[in-house]
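In: Sequence first, predicted model second:
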Amino acid sequence: MTTTDLKPVGDKILVRRLEPKHEKGQIILPESSKEQSREGHVVAMGGGRIVSGERIPFEVKVGDRIIFSSITGKVKANDEELLVMTEGNIIAIVTSSS
């Protein structure tokens, strides 16, 4: 299964987590103690949520770099773990690369 084989439904969004950038330093932490990144790229989206019979469009789009607060699930595609969340879990869209 590839990421193109996955199409979220409703208000669900698939996100590829970005690896955190570790600065060079004197202390080396084991992998299990490192905090996971809360940044990712949107790779696929459902059709949006429905409120009072009307579909509400997403504020994010495929390719957006985002910061999120939590995830609702994980799926594997081609040995890659993708995150599943709703738009409500997204805190911000990163608008610059700096």
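Out: The structure has been received and is ready for your questions.

In: Run a quick neighbour tally on the closest residue to residue 65 other than its chain neighbours.
Out: Using Cβ to Cβ, 6 or more residues apart in numbering and skipping residues adjacent in sequence, the residue nearest residue 65 is residue 94, 4.2 Å away. C-beta here means a position set from N, CA and C on the backbone, and glycine is covered the same way. Per other Cβ atoms under 10 Å, the neighbour tally for residue 94 reads 14.

In: Same check on residue 53?
Out: Residue 53 has 5 nearby residues by other Cβ under 10 Å.

In: cool, and the one 4 residues further on?
Out: Taking other Cβ under 10 Å as the neighbour definition, residue 57 ends up with a count of 9.

In: ranges for the strands of the protein?
Out: Secondary structure of the chain (DSSP state E): strands at 12-17, 39-45, 49-51, 54-56, 65-68, 73-77, 80-86, 90-94.

In: just those strands: most buried one?
Out: Greatest average neighbour count among these goes to strand 12-17 (a mean of 21), per mean count of other Cβ atoms under 10 Å.
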